[in-house]
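A.B. asks: This is the structure alone, sequence omitted:
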């Protein structure tokens with residue numbers, strides 16, 4: 001996937017100041033309170049979602065094109081630009097991926113459930129041609145929501161995959 005050009009981070013939560021348009025903050029803990037995510041309008045899905053195996057790692061990643069209609073995608077891009085992104089530290093801790101990017105992270109089981117149940121994603125990933133990719137039944141999304149932004153010179157390097165625990169949303 002290509003990199004998107006975006007503006008640099010703004011003021012971060014917790015009082016970290018911004019001294020100019022190119023100022024960045026360093027990594028901070030995830031906020032405790034999820035943001036007020038925009039509603040899914042128009043109601044989703046507006047088209048059948050067709051997962052495609054991603055060519056560079058077809059047994060692990062699927063791509064779902066046109067996941068949101070353009071109007072909703074634009075709403076989320078605008079919304080996400082105002083989140084308090086922080087720049088990852090230059091040197092990762094042992095076992096962490098080598099990456100330099102701007103990130104927003106929040107634990108939000110409600111939003112993860114909405115993405116899973118209200119967008120057509122659950123039905124899309126139950127299709128026979130992708131069912132077996134994950135070694136079992138896909139039952140939901142990780143509630144650890146992360147938003148990444150890569151500016152010029154930032155990157156995500158090779159790393160070890162990690163396992164996610166199953167969260168019961170019942």
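C.D. replies: All right, it came through fine. This structure is a prediction, so every number in the text was calculated from the model and none was measured.
A.B. asks: only C-alpha atoms for contact and neighbour calcs from this point on.
C.D. replies: Noted.
A.B. asks: ok, which stretches of this structure are strands?
C.D. replies: 51-53, 62-64, 86-87, 99-100, 102-107, 144-149, 155-156 (DSSP state E).
A.B. asks: for stretch 88-101, how far is the first residue from the last?
C.D. replies: 6 Å (CA to CA, to the nearest Å).
A.B. asks: how far is it from where the chain is centred?
C.D. replies: 17 Å (CA atoms, centre = their mean, to the nearest Å).
A.B. asks: and what of stretch 59-75?
C.D. replies: Using CA atoms, centre = their mean, the offset of stretch 59-75 from its chain centre is 11 Å.
A.B. asks: and of the strands of the chain, who's closest to residue 34?
C.D. replies: strand 102-107 (6.1 Å; CA to CA).
A.B. asks: for that closest one, the distance to its chain's centre please.
C.D. replies: 8 Å.
A.B. asks: counting contacts, what elements does it pack onto?
C.D. replies: Packing partners of strand 102-107 (3 or more CA pairs under 8 Å, 6 or more residues apart in numbering; DSSP states H and E): strand 86-87, strand 144-149.
A.B. asks: So which elements touch the shortest one?
C.D. replies: Contact here means 3+ CA pairs under 8 Å, 6+ apart; on that basis strand 86-87 packs against strand 102-107.
A.B. asks: and the strand it packs on with strand 144-149, angle?
C.D. replies: 170 degrees (axes from the mean of the first three to the mean of the last three CA atoms, to 10 degrees).
A.B. asks: Other residues contacting strand 102-107?
C.D. replies: 9, 30-34, 83-88, 143-150 (CA atoms under 8 Å, 6 or more residues apart in numbering).
A.B. asks: I would like a ChimeraX command selecting only the buried ones among these, please.
C.D. replies: In ChimeraX syntax, the buried subset of the contacts of strand 102-107 is picked out as below (16 or more other CA atoms under 10 Å):
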select :9,30,83,84,85,86,87,88,143,145,149,150
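A.B. asks: Compute the number of surrounding residues for residue 123.
C.D. replies: 13 (other CA atoms under 10 Å).
A.B. asks: how far away is it from residue 35?
C.D. replies: As defined by CA to CA, residue 123 lies at a distance of 26 Å from residue 35.
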